[in-house]
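Here is the input, now give the coordinates:
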Amino acid sequence: MGAAVDTLAFLLGAWQLERSITDHRSGTAGSFSGKATLAAADAGSQIPERAHYEESGELRFGACRSSARRALDYVRLNDGCVLLCFADGRPFIEVDLSEGTCSRTHDCGPDIYEIEMVVISHDLVQERWRVRGPSKDYSAVTALSRK
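Purely as a prediction, here's the structure:
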């Protein structure tokens with residue numbers, strides 16, 4: 001397991017993304033394959049304070065196949081952590097990879113998101129999500145491989 005002293009600096013760049021998804025209510029399995037990019041929002045800065053994350057690719061879920069994308073904003077915090085925000089600016093979770101792993105819980109109304117990120121190596125990060133709520137019950141495992 002690796003560690004990232006500066007979470008934002010570590011995650012900057014282009015990544016290949018593979019995600020497996022399981023809907024525990026229906027028993028349906030799916031996957032997402034694509035690319036992810038985390039780019040400094042303040043280009044030219046030695047140490048960026050903000051970055052924009054975007055992933056895009058193909059979602060396969062049951063019989064459905066479609067293109068999909070997701071965007072988040074990352075904001076550097078004073079201690080080497082980052083605050084992940086939804087595209088509309090609402091805060092999501094703080095991520096600290098200085099120990100090589102980070103576990104967080106996000107209460108989103110009636111839904112609970114349990115998220116774990118693990119630095120496997122400089123070029124590989126794994127995310128595990130478990131989401132439960134009145135209309136959601138799924139897990140997702142994502143491998144981000146540096147391009």
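
Bridge partners for the most centrally placed residue in the chain, pull those for me.
For the chain, the residue nearest the mean C-alpha position is Glu127 (6.6 Å; C-alpha atoms, centre = their mean). Beta-bridge partners for Glu127, by DSSP bridges, are Met117, Thr142.

Looking at it now. What's its pLDDT?
The model reports Glu127 with a pLDDT of 98.

I figured it was touching Ser139, is that so?
No. Applying C-beta atoms under 8 Å, one finds Glu127 not in contact with Ser139, separated by 11.0 Å. (C-beta placed from N, C-alpha, C; glycine too.)

Now do the same contact list for Leu144.
15-17, 36, 124-127 (C-beta atoms under 8 Å, 6 or more residues apart in numbering).

cool, Lys35 as well?
14-17, 55-57, 147.

for those, which one is nearest Ser31?
Ranked by distance to Ser31 (C-beta to C-beta), those are led by Gly57 at 9.6 Å.

Hmm, the closest one is touching Ser33, no?
Yes. The pair Gly57 / Ser33 is scored as a contact, 5.2 Å apart, by C-beta under 8 Å.
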